[in-house]
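1. Here is a sequence together with a model predicted from it:
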Protein chains: 2
Amino acid sequence: MATDPLSAKFAALADPTRRAILARLCEGEASVNELAEPFDMSLPAVSKHLKVLERAGLISRGREAQWRPARLEPMALKGVADWLEHYRRYWDASFDRLDSYLRNLQKGKDDGRGH
Amino acid sequence: MATDPLSAKFAALADPTRRAILARLCEGEASVNELAEPFDMSLPAVSKHLKVLERAGLISRGREAQWRPARLEPMALKGVADWLEHYRRYWDASFDRLDSYLRNLQKGKDDGRGH
DNA sequence: TGGGCTGTCAACCGATTGGTTAAATGCAGG
DNA sequence: CCTGCATTTAACCAATCGGTTGACAGCCCA
């Protein structure tokens, strides 16, 4: 698991339980028990998910008495967004092609280039 | 691997070989041999990576004689970007806090809220 | 028809993943 | 100090992953 940081982030996000945990952490810090509550899953399983998220840098953890609250580290998500940004122009182009195709459909005929 | 589409996309992106393949496909369609050339890896291995990308919807494949060219499907990446977009406000907020922190450091003192 | 490409399929392998249960750790309060 | 709560660690398990090699299939061309 000592792979590159970006791979670690994508791998961490590739699990719906972990994405749900991130969504929950948008509302603020939470203890392991609070985070585990919605899931039909043992506590150690949630603890492992938290470790994956932490090693990917997507969350950080505090220490308050016997609690180890987790909080979101959103800058790590920005790293993922920055990688994706390189591809924006490609899906923009795809969307433009789809858009003009639908536009021509709505005119009841094709764009004149048809047979 | 019959998980949800978003998980499949993240999982597909969590491998540097597959991300390199996507980057190569930005320059246009490519055959399996062309895609495999930069990697120290057997052809079947690359073929498997392509299958992962295809099942995630990130690429599609054609048939031209004995070639099965792969091409980028950028709208699938847009799906990932849309998920990330929900978190933009959190990293924007983080960045603002970091930004004002650095600003105050540069003034040679804190922002007056210090003890 | 038979080579020689291109690419995939099948079987196998070791490592990793996502989960379990049981035991251990750390801390707070009576 | 002992109990109780919150959490992690350890050991284990089945399934998946990322790679290999070897055999197979589709297509062009002599």
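-> Perfect, thanks for sending it.

2. Find the centremost residue of chain A, please.
-> The centroid of chain A falls nearest to A:Leu13 when counting by C-alpha atoms, centre = their mean (5.1 Å).

3. So which other helices or strands are in contact with the longest helix belonging to chain A?
-> In chain A, taking DSSP state H as the definition, the longest helix is helix A:88-106. Here helix A:88-106 touches helix B:74-85, going by 3 or more C-beta pairs under 8 Å, 6 or more residues apart in numbering or on different chains; DSSP states H and E. Just so you know, the C-beta spots here come from the backbone N, C-alpha and C atoms, and that holds for glycine as well.

4. Repeat the analysis, applying 10 Å as the threshold.
-> Judged by 3 or more C-beta pairs under 10 Å, 6 or more residues apart in numbering or on different chains; DSSP states H and E, helix A:88-106 is in contact with strand B:70-72, helix B:74-85.

5. How far does the last one sit from its chain's centre?
-> Spelled out, it's helix B:74-85. 9 Å (C-alpha atoms, centre = their mean, to the nearest Å).

6. Stretch A:67-76 too?
-> That offset, for stretch A:67-76, works out to 14 Å (C-alpha atoms, centre = their mean).

7. How about the residues of chain A by DNA strand C?
-> Residues of chain A lying close to DNA strand C by C-beta under 7 Å from any atom of the strand are A:1, A:11, A:14-15, A:17, A:40-42, A:44-45, A:48-49, A:52, A:63, A:65-66.

8. A:Arg24 - how many residues pack around it?
-> Other residues near A:Arg24 come to 16 when the count uses other C-beta atoms under 10 Å in any protein chain shown.

9. brain fart, A:Ala93
-> A:Ala93 has 11 neighbouring residues, counting by other C-beta under 10 Å.

10. Show me where chain A dips below the pLDDT cut-off.
-> Scanning chain A for pLDDT under 70 picks out A:1-2, A:95, A:107-115.

11. can you do 50?
-> A:111-115 (pLDDT under 50).

12. list the contacts for A:Leu50?
-> By C-beta atoms under 10 Å, 6 or more residues apart in numbering or on different chains, the residues touching A:Leu50 are A:18, A:21, A:32, A:35-36, A:58-59, A:61, A:68, A:70.

13. Turn those residues into CSV, including secondary structure and distance to B:Gln106.
-> What follows is these, written out as CSV (DSSP: H, G, I helix; E, B strand; the rest coil; distance: C-beta to C-beta, whole Å):
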residue, secondary structure, distance to B:Gln106
A:Arg18, helix, 37
A:Ile21, helix, 36
A:Val32, helix, 39
A:Leu35, helix, 38
A:Ala36, helix, 43
A:Leu58, coil, 29
A:Ile59, strand, 30
A:Arg61, strand, 31
A:Arg68, coil, 35
A:Ala70, strand, 32
